[in-house]
Every structure is written in C-alpha cells, then in structure tokens.
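**Student:** using only what follows, build the 3D model:
(one chain, ligands or ions: 2)
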Amino acid sequence: MDLPVIASSPPATGCSAGSCGATAPQVDELSDALRARVQDHPCYSEDAHHYFARMHVAVAPACNIQCHYCNRKYDCANESRPGVVSEVLTPDQAVRKTLAVAATIPQMTVLGIAGPGDPLANPQRTFETFRQLALKAPDIKLCVSTNGLMLPQHVDELARYNIDHVTITINCLDPAVGERIYPWIFWQNRRVFGREAAAILIEQQQKGLEMLSARGILVKVNSVLIPGVNDAHLPEVSRMVKAKGAFLHNVMPLIAAAEHGTFYGVMGQRSPQAAELKALQDACEGDMNMMRHCRQCRADAVGLLGEDRGAEFTLDKIAAMEIDYEAAMVRRAEFRAQVSSELAAKRARAHASPATPPVIPQVIHFQAPAAPRPTAPGRPVLMAVAAKNGLVGVHFGHAREFLVYEASASGARLIGHRKAQSYCAGDETCGDAEAVLAATIAALADCEVVLCSRIGYEPWGQLEAAGIQPNGEHALQPIEEAVLAVWNEMLAAGKLALAPSAAKRA
Ligand code: CLF
Ligand code: SF4
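**Tutor:** Ligands and ions are numbered 1, 2, ... in the order given. Now for the predicted structure:
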C-alpha cells in the first residue's frame, strides 16, 4: 500500500492563526506510548482521520439532562448532526454490528458510544456493550462521549474496560451561562432547574475531568459554540480544561433549525458563521490543542469521518453475514501494521529534514522532505479541497464535503470542512443541479481556490464568476503539498501582497 506523502504542516503559533506568541507542544514531545494511543484514532489525530474509521452504536437512548439544542427525536447534538437514529440497538445487537463492521472495514479502529441520549445515563446498556467488546474484539479502541453528569460515578468502570478516550461536552464553567443552555437536569431522583441545575452539572463535569486525567485517560472536551450565549466564555473554558489535563478541545458550531424542534431552533437562536467558528477556535488555540476536523457525526455513524456507511450494516443485513472475527483480526492487524510502518517511515524522513516545521500533537502529520515550503511572506488564503484519503481525489461534482485549508507563509493547516450535495451523479440526470451548485458556491464563499481532481465547464465558470478559482492541476496529490504549491504559485504571481503593516511584522 502506498500512502500519500503529506507536505509540511504549520506551527499552531503562526500569526495567521491569530495566536501570536503562543507555543504549542511539538509532536516530538509525545512519548511513543502517547503517540500510539492517538495515531489510529480518527478524532484524536487529524491525519488519522484520512485513513482510519470509527463507528458508533446507538445503545443509549435515554438522557439525564436537557440541552436547549437537543430534541430527543434527533441524535445527540453533542456528537451528531441532526437526524433520527435509524435503529436503537440492544448491547447484543451492537456487539454483532461492531464485529460485522470491523470484519468488513479493516480501517475501523474505534468503537464509540455517543447516544442518541447519554451513554452514562444508560450505564447497563453501555457497559454491557463495552464488556462484551473488550472480550471479543480486543483490537478495537473503545470510546465514549458524555454530558458528564454521571461521569465521576463511572470513572472506575470506564478504566476497568480499558476505555482510553473519553469526550465530555463542556459548554461553560459559569452557572449563569449554563442556565441559558440547560433548562433542567435529573439528579438524585428529582428534576433540578435553572442555575442550580447548571451548577451541579458543571461541578460533575469538572470533577469527572480531573478523575480521568488522574488515571491517565485521554480526555477530549467538546463545546458547542452558541453565539451570544457562551462564545465570549469559551476561551476561559479552553484554559480551564487544559489546566485540568484535557488532551484536545473541539469547539463545534451550534446546529439550530426550527424544523428540528429544539428550543434554540424554535426561538430563532442563530448558528455561528464559519468565520466566527474559526475565530473562536483560533482564540482558544493559544491555550489548547484544537480539533478542526470534527464532522458532528450521527450517533450511529459508520466509516471514515465525513462518510456514512451505516446503510450497509442494518440489522437485517448483519444477521445474514457470516463473521469469522479471529480471521478478521489477522487481516486488521496486517492492515494497521502496514499503515503504521509507512507512516512511521514518512515521519522519520520528515524529522531528518532540517526544513521540517514543528507540528502539534493532535495533528500528527507525516511529512515529506521534498515538501514545497513557502519561503516568503504573503497573506493567508483559504482553499477548499475535494479530498479523499489525504489526496486531492474527488471530482468537484461528486464531492459531498470540502476540507478547508488555510495556506500561509507558515504552511497549510486544516481549519474545517463544508458540507455539500453531490452536484452531479455521473450519468444520472442532475435534477436541481443549479440549486445544488449555488449552495455549494455559497458554502465556499470565503475560499479563493477550490482544488479537485476534475471539474466540468459549467461549475468552473460559475466558481470563477463568484471569485473562486477552480484548480484541477493537482489531482491525486497529497492535500497539503497541493495547497502549498498553489499558494506559492499565487505568491509568485504577485497575488498575495501583504498590507504594509502586516508586511513589516512578517
Ligand atoms: Fe465517536 Fe466522539 Fe469517540 Fe470520535 S466522534 S465518540 S471521539 S469515536 Fe469525532 Fe464525530 Fe466529532 Fe465526535 S468526528 S462528532 S469528535
Ligand atoms: Fe441531547 Fe445529548 Fe444534551 Fe442529552 S446531553 S439533551 S442527548 S444533546
């Protein structure tokens, strides 16, 4: 297997990131043991998400709190995009589904429980699933995401099943902010409302974080960015959770639409713009390692982040499958060993290169010595990429999402993704293709370039008319190498002149 060579990554401290003066830990600071714990987890390592997949099993329907962004008929907004869970599973069904997926998709390295309610509000179902999988599929990492209310009570049990990755959704530290997010919690057999409820939840979340950190369990903190409610407060959340040992912070945009029937949706609470989300992530980054590749996936998602193969593994389909998991484990181990050795070789080559810039832990880039390093100042440019497996690998018209990179003199870094509908499905009639194309162009409005493997005449013209330059010259190249090559071309063409004050700083 020939893995793509990925070009240079920037330091997390570049001026373009809005975090001047901040220092991010280097990948070299990660011990081999810590690197081994994150390098095949698609959420804890940005690079891993190009190669490794996760799946969720929806065994936890109940919840013990109410969030204003959640409607029980929909997936947990902590960890998913809105949409009903297709099937709530029993632990036995969940275990069979996990084995079926893992035997079919060797890239699937992580099993997460993330709803549709709260896993720790359904402890019997959650831990029975983990118990069986720890025995039957020891090669799968186990992961859980919780609102944290019952976390302190379950930390020992999480440790017992070797659950090494725990996500806590922490939206605030201040009960005055919290009462605007959580109308009530269910606590010690009674419903508690308002500020008192928020105070209890916050205390439990912080206690749980401290207990997990003390046991060496990797903690990711998710925060939902709610404009006008907790946006100004989140940098403080970032500082605090880092101080208490969290490994990674994932600031996600609020998803609020009236049709979801959530309080925020019905009340017209707006969701943040992409630029607001980036600015907030940049503001937090000085203090914390930030996750930028979250897809807010469903509580029953299957596959690489950004794709959903759940329809291949419905209960009726997996009932008909013959699963030889012993044999599957051998194939899975071979696959992981192959990927790991190639990535390690690339990392070693990159470390041997004096031009290699520092990288931050959650973005474990596997760099090539020949990467086209930017050499001169120039303003940052946002570029959208139709990507697959770390390459510029998708036809513009087939892309269901675009990764957005910021290219600058510091390098190329992923800052997020934009969802899109497939503009054209090959030979099929494109239907309302015009509306789809218009929506895609609107979603990419802040990007100056879109890289893809191929693109048709019509979208090319419309993108150009919208001020976005299509580029199909870097098909099948590693993403960051292609992004930096285009940035250098723009620089050489004199398109990236800095404002005088910025030029002085550079
Ligand atoms: Fe699932 Fe969450 Fe584990 Fe990942 S998701 S429980 S840590 S295996 Fe990942 Fe999905 Fe974002 Fe969650 S992309 S919503 S961060
Ligand atoms: Fe919904 Fe998750 Fe909040 Fe519970 S914790 S109310 S399931 S978003």
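**Student:** doesn't Ala103 fall inside a helix?
**Tutor:** Yes. Assignment of Ala103 by DSSP: H, G, I helix; E, B strand; the rest coil places it within a helix.
**Student:** and the next element down the chain from whichever strand or helix holds Asp156?
**Tutor:** For Asp156, the element it lies in under DSSP states H and E is helix 151-160. Going down the chain from helix 151-160, the next helix or strand is strand 165-169, by DSSP H and E.
**Student:** neighbouring strands - and their directions - for that following strand?
**Tutor:** Its sheet considered, strand 165-169 pairs with strand 141-146 (parallel), strand 218-225 (parallel) by DSSP bridges.
**Student:** tell me which of those strands lies nearest to Pro175.
**Tutor:** Using CB to CB as the measure, strand 218-225 is the one of the strands paired with strand 165-169 that comes nearest Pro175, at 16.0 Å. For the C-beta atoms, the positions are set from N, CA and C on the backbone; glycine is no exception.
**Student:** can you redo the strands paired with strand 165-169 as JSON lines, where the extra columns are mean pLDDT, mean neighbour count and distance to ligand 1?
**Tutor:** As requested, these are exported to JSON lines (pLDDT from 0 to 100; neighbours: other CB atoms under 10 Å; distance: least, CB to the nearest ligand atom, whole Å):
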{"stretch": "strand 141-146", "mean pLDDT": "97", "mean neighbour count": "24", "distance to ligand 1": "3"}
{"stretch": "strand 218-225", "mean pLDDT": "97", "mean neighbour count": "24", "distance to ligand 1": "6"}
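**Student:** kindly reformat the ones you listed as TSV containing distance to Glu210.
**Tutor:** TSV is the format used below for the strands paired with strand 165-169 (distance: least, CB to CB, whole Å):
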stretch	distance to Glu210
strand 141-146	15
strand 218-225	10
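**Student:** quick check, pLDDT for the most centrally placed residue in the chain.
**Tutor:** For the chain, the residue sitting closest to the mean C-alpha position, by CA atoms, centre = their mean, is Cys294 at 1.8 Å. In the prediction, the pLDDT value recorded for Cys294 is 93.
**Student:** can you check Leu304 too?
**Tutor:** Leu304 is assigned 92 on the pLDDT scale.
**Student:** who's in contact with it?
**Tutor:** Pro42, His49, His50, Phe52, Ala53, Gln107 (CB atoms under 8 Å, 6 or more residues apart in numbering).
**Student:** equivalent analysis for Val110, please.
**Tutor:** The contact partners of Val110, taken as CB under 8 Å, 6+ apart, are 40-43, 52-55, 140-143, 165.
**Student:** still on that earlier bit, residues near the residue lying closest to the residue nearest to the centre of the chain once chain neighbours are set aside, how many?
**Tutor:** Excluding the flanking residues, the one nearest Cys294 by CB to CB, 6 or more residues apart in numbering is Asn250, at 5.1 Å. By the criterion of other CB atoms under 10 Å, Asn250 has 23 neighbours.
**Student:** ok, back up a step: nearest to Pro152, of the contacts of Val110?
**Tutor:** Lowest distance from Pro152 to the contacts of Val110 (CB to CB) belongs to His165, with 17.9 Å.
**Student:** run through the bridge partners of the residue lying closest to that closest one once chain neighbours are set aside.
**Tutor:** Using CB to CB, 6+ apart and skipping residues adjacent in sequence, the residue nearest His165 is Cys143, 4.3 Å away. Beta bridges link Cys143 to Gly112, His165, judged by DSSP bridges.
**Student:** was I right about Cys143 contacting Arg54?
**Tutor:** Yes. In this structure, Cys143 sits in contact with Arg54. The criterion is CB atoms under 8 Å, and the distance is 7.3 Å.
**Student:** anything in contact with each of those two?
**Tutor:** Contact criterion CB under 8 Å, 6+ apart; residues bridging Cys143 and Arg54 by contacting each: His41, Cys43, Val110, Leu111, Gly112.
**Student:** and the gap between Ala407 and Val385?
**Tutor:** 11 Å (CB to CB, to the nearest Å).
**Student:** Lys244 now?
**Tutor:** Computed with CB to CB, the distance linking Lys244 and Val385 is 35 Å.
**Student:** okay, those two: which has more neighbours?
**Tutor:** Residue environment comparison for Lys244 versus Val385 gives the larger neighbour count to Val385, 29 against 17, counting by other CB under 10 Å.
**Student:** wait, what's in contact with the more buried one?
**Tutor:** Contacts of Val385 by CB under 8 Å, 6+ apart are Val392, Phe402, Leu403, Val404, Tyr405, Val450, Leu451, Cys452, Ile479, Ala482, Val483.
**Student:** same thing with Cys284?
**Tutor:** Taking CB under 8 Å, 6+ apart, we find Cys284 in contact with Leu234, Pro235, Ser238, His249, Val251, Met290.
**Student:** hmm, try it at 10 Å
**Tutor:** With contact taken as CB atoms under 10 Å, 6 or more residues apart in numbering, Cys284 is in contact with 19, 223, 225, 234-239, 241-242, 249, 251, 290.
**Student:** and it, which of the three is it?
**Tutor:** Per three-state DSSP, Cys284 ends up helix.
**Student:** just the helices in the stretch 101-250 of the chain please.
**Tutor:** For the stretch 101-250 of the chain, applying DSSP state H, counting those that start in this stretch gives helices covering 123-136, 151-160, 175-178, 194-214, 234-243.
**Student:** out of the ones you listed, which gets nearest to ligand 1?
**Tutor:** Of all the helices of the stretch 101-250 of the chain, helix 123-136 sits nearest to ligand 1, with 11.7 Å by CB to the nearest ligand atom.
**Student:** any bit of the closest one sitting next to ligand 1?
**Tutor:** No. Using CB under 6 Å from any ligand atom, no contact is recorded between helix 123-136 and ligand 1, whose separation bottoms out at 11.7 Å.
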